[in-house]
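> no FASTA, just this:
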Ligand code: GLN
């Protein structure tokens, strides 16, 4: 029987077309501000090996905060529960780059998906491997094939030039002893990791280990079953920042968004979905991406609830 997914994805893409061009593209760095909000891609990869997509699904984009999922998985797999002594796992209810809670919590970020938490994870991965961004890149290449995945060095440089907010977060945590490496070194790795370019098909394939209890498609075990459950749970509760409640309500899947307009969504035991459209809502999540994932789970019934 032919797969129902290619047709379904193109129907869903047509449903969200009226939203394209709405929303605001990220403008905290000039290079992201040039993105075209009318672009839209959607793809899925199943545990059976099917990969399909629609629209701009083969156009690469800056994965930004979606990289935090891979950095977390690669760190947790090496460090185990000791990581949770340096970063929490509770939703923040605040914007991704917020400083406010760090003071009350004495430099301990609420979760690994806000910027402060991701900086701590990058610092830990640096201690474990000596090359945090390189470790993420090597993993992603292994998932989608050789050198197809690369850092956009222009975006990384632009992030560095406009680093004030992230530098403030990092310095503040360092003052509490929660960063081991020099702030600039952590920031460089973090910005390069955020500047990795992938397309929707590649991103869906790279997320499959989370749909398969920590087992990668090549048979390599990255995470224990329990760790894969933990990361999915944190994606559900924290992966889309202060809109995690709305995502759980409308999509009902573990998701991770990035300000480049990408969203990775996991359907445990089945597949990973990835969508990209640069027009963002006020929380920094893709407007059309949220809508299309909502339509997907509503049409198929494939949510975790
Ligand atoms: N590079 C971005 C930042 O650090 C990532 C933010 C995001 O995608 N939410 O501000």
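Yes, it's here. All figures in this text were calculated on a predicted structure; none of them were measured in a lab.

> contacting residues for the most centrally placed residue in the chain?
Averaging the C-alpha coordinates of the chain gives a centre point, and the residue nearest to it by CA atoms, centre = their mean is residue 66 (1.4 Å). With contacts taken as CB atoms under 8 Å, 6 or more residues apart in numbering, residue 66 has the following neighbours: 203, 256-258, 262-264. The way it works is simple: take the backbone N, C-alpha and C, and place the C-beta from them, glycine included.

> kindly recompute the last result at 10 Å.
113, 194, 196, 198, 203, 206-207, 239, 255-260, 262-264, 274, 276 (CB atoms under 10 Å, 6 or more residues apart in numbering).

> among these, which are within reach of the ligand?
Contacts with the ligand are made by 194, 258-259 out of these, judged by CB under 6 Å from any ligand atom.

> CSV for the residues you listed, including pLDDT and secondary structure?
What follows is those, written out as CSV (pLDDT from 0 to 100; DSSP: H, G, I helix; E, B strand; the rest coil):
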residue, pLDDT, secondary structure
194, 98, helix
258, 97, coil
259, 96, coil
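
> just name the closest of those to residue 8, please.
Taking CB to CB as the measure, residue 258 is the one of the ones next to the ligand among the contacts of residue 66 closest to residue 8, at 24.3 Å.

> look up how far the ligand lies from the closest residue to residue 258 other than its chain neighbours.
In this structure, residue 258 finds its nearest non-sequential neighbour in residue 64, 3.2 Å apart by CB to CB, 6 or more residues apart in numbering. The span separating residue 64 from the ligand equals 3 Å under the rule CB to the nearest ligand atom, to the nearest Å.

> please apply the same query to residue 267.
Applying CB to the nearest ligand atom, the value for residue 267 to the ligand is 22 Å.

> phi, psi of that residue?
Dihedral angles phi and psi of residue 267 (degrees, to the nearest 10) take the values phi -110, psi 100.

> where along the stretch 101-250 of the chain do the strands fall?
Taking DSSP state E, counting those that start in this stretch as the criterion, the stretch 101-250 of the chain carries its strands at 150-151, 196-198.

> and the longest one, how far from the chain's centre?
Averaged C-alpha coordinates place strand 196-198 at 11 Å from its chain's average position (CA atoms, centre = their mean, to the nearest Å).

> hmm, who's touching it?
When contacts are defined by CB under 10 Å, 6+ apart, strand 196-198 is touched by residues 59-64, 66-67, 70, 133, 136-137, 140, 143-144, 148-152, 155-156, 203-206, 260, 262, 264, 274, 276.
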